[in-house]
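Asker: Build the 3D model from these lines:
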Amino acid sequence: MCLLALVAEQPTYGYEMAKKLEERGLHLASEGSIYPLLSRLQRQGLVEGYLVESGGGPARKYYRLAAAGTLTLSAWISDWNALAAGVNGVINGAQHD
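Answerer: I've put the predicted structure just below:
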């Protein structure tokens, strides 16, 4: 879900996604874990990959959100918000006991 959310902001490449996730407080993601997930998202038709030439170095594979990715991200965000609300209700209830 986090990768789709980043790609929804703007097309980006794997290393850049890892940096953005860390900058936003998600330190669990590494480059090594991101690329297999991006491949899976691409196989599922949620993102599209394309190559962009970089000045002097190898081409970078960028990812953009596919139409199905937009719908899936919206559903996942809704599910996440419902789950987070439920967990918050349990945690907040436990603090009042």
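Asker: contacts and neighbour counts: CA atoms only from here.
Answerer: Will do.
Asker: And the pLDDT for residue 97?
Answerer: In this prediction, residue 97 carries a pLDDT score of 56.
Asker: same deal with residue 9?
Answerer: Taking residue 9 on its own, its pLDDT is 97.
Asker: Would you report the backbone torsion angles of it?
Answerer: phi -70, psi -50 (degrees, to the nearest 10).
Asker: Residue 64 versus that one, what's the distance?
Answerer: Distance, residue 9 to residue 64, by Cα to Cα, to the nearest Å: 9 Å.
Asker: again, but for residue 26
Answerer: In terms of Cα to Cα, residue 26 sits 21 Å off from residue 64.
Asker: circling back to that earlier point, the more surrounded of residue 9 and residue 64?
Answerer: residue 64 (21 against 10; other Cα atoms under 10 Å).
Asker: Phi and psi next, for the more buried one.
Answerer: phi -130, psi 160.
Asker: my guess is it contacts residue 12, does it?
Answerer: Yes: the criterion here is Cα atoms under 8 Å, and residue 64 meets it with residue 12 at 7.0 Å.
Asker: in the helix or strand containing residue 92, what's buried?
Answerer: Taking DSSP states H and E as the definition, residue 92 sits inside helix 67-95. Neighbour-count burial for helix 67-95, with 16 or more other Cα atoms under 10 Å as criterion, is recorded at 69-70, 73.
Asker: Enumerate every residue touching residue 13.
Answerer: 60-63 (Cα atoms under 8 Å, 6 or more residues apart in numbering).
Asker: can you pick the most crowded of these?
Answerer: residue 63 (25 neighbours).
Asker: Tell me the secondary structure of it, please.
Answerer: strand (DSSP: H, G, I helix; E, B strand; the rest coil).
Asker: circling back: who are the packing partners of the helix holding residue 92?
Answerer: Judged by 3 or more Cα pairs under 8 Å, 6 or more residues apart in numbering; DSSP states H and E, helix 67-95 is in contact with helix 2-9.
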